[in-house]
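J.: sequence isn't available, so here's the structure alone:
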């Protein structure tokens, strides 16, 4: 017996949500911590502001995308 289609779609939706969230987190960690845009060392520059703006905007986009995917 195979898995029911509704159950399979549910698990795929969970996996896609987790994968998108992890991808967003890894990207933010890379740019923010590794490339040091999250910590203004010599004052707040436009690069730090752009990093935070893109980070917040991409999180809002991610939240809306995941929320839309969970609508039945």
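T.: That came in fine, so what should we check first? Note that the structure is a prediction, hence the values are computed from the model and not measured.

J.: going by C-alpha atoms from here, please, whenever you check contacts or count neighbours.
T.: Noted.

J.: where does this protein have low pLDDT?
T.: 1, 72 (pLDDT under 70).

J.: any chance you could map the helices in it?
T.: Counting by DSSP state H, the segments of the chain that form helices are 5-29, 46-69.

J.: mind putting those into JSON lines with mean neighbour count and distance to residue 39?
T.: Listed next are the helices of the chain as JSON lines, based on neighbours: other C-alpha atoms under 10 Å; distance: least, C-alpha to C-alpha, whole Å:
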{"stretch": "helix 5-29", "mean neighbour count": "13", "distance to residue 39": "12"}
{"stretch": "helix 46-69", "mean neighbour count": "14", "distance to residue 39": "8"}
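
J.: quick one: residues contacting the residue nearest the centre of the chain.
T.: Nearest residue to the geometric centre of the chain (C-alpha atoms, centre = their mean): residue 24, 2.9 Å. Taking C-alpha atoms under 8 Å, 6 or more residues apart in numbering as the contact definition, residue 24 lies against residue 59.

J.: okay, the helices of the chain in JSON lines with distance to residue 35 next?
T.: Formatted as JSON lines, the helices of the chain follow (distance: least, C-alpha to C-alpha, whole Å):
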{"stretch": "helix 5-29", "distance to residue 35": "9"}
{"stretch": "helix 46-69", "distance to residue 35": "11"}
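
J.: tell me which of the ones you listed sits nearest to residue 37.
T.: helix 46-69 (5.2 Å; C-alpha to C-alpha).
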